[in-house]
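Asks: quick one, fold the following:
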Amino acid sequence: TNVIHICCLRLVVVSQNPWSKLTLGPSFAAWLMYVCYLTGLCYTPLGWSVQPTMTHLAGEMFETSGAVMSMFIAPLFALFPDIIERYVRRRFFPSSLQRLKLKLSDSRVAPQTATAYKSYP
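Replies: Take a look at the predicted model:
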């Protein structure tokens, strides 16, 4: 479970626009599919025949406080270096796209002067 959380969250952290619906939507959909898959393995006869050790494991995860804490704390520790690296790159070594977005968001710069290319009639 932690691996799924870390992978989905890391994809959000390293994306160009982490708060976009095009980033968060697929990440949430992937997590939702994982929950469906886990539920199918833990609570259906088909899941029990494929993975007999998974019987009712999803519910048992939430009965142990250590397991619940690890689902929230482990991704934070695992993603901390990525978040720091992302901040340093964005702040001190921005990409061309990030520089352009910064120019466009600056209220003192007109949008025509911040374009990456000029279109000629």
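Asks: beyond the one helix or strand E60 maps to, next helix or strand please.
Replies: When elements are assigned from DSSP states H and E, E60 belongs to helix 57-61. Next helix or strand after helix 57-61 toward the C-terminus (DSSP H and E): helix 65-92.
Asks: buried stuff in that following helix?
Replies: By neighbour count with 16 or more other CB atoms under 10 Å, helix 65-92 contains the buried residues P75, A78, L79. Placement of C-beta: from N, CA and C, glycine included.
Asks: name the helices or strands packed onto it?
Replies: Under the contact definition 3 or more CB pairs under 8 Å, 6 or more residues apart in numbering; DSSP states H and E, helix 65-92 sits against helix 2-13, helix 57-61.
Asks: and the shortest one, how far from the chain's centre?
Replies: Chain-centre distance of helix 57-61: 23 Å, with CA atoms, centre = their mean, to the nearest Å.
Asks: need the contact list for the closest residue to R86 other than its chain neighbours.
Replies: Nearest non-adjacent residue to R86, counting by CB to CB, 6 or more residues apart in numbering: V13, 5.7 Å away. Listed by CB atoms under 8 Å, 6 or more residues apart in numbering, the contact set of V13 reads L79, D82, I83, R86.
Asks: still on that earlier bit, return the most buried member of the helices and strands packed on helix 65-92.
Replies: Mean neighbour count (mean count of other CB atoms under 10 Å) peaks for helix 2-13 among the helices and strands packed on helix 65-92, with a mean of 16.
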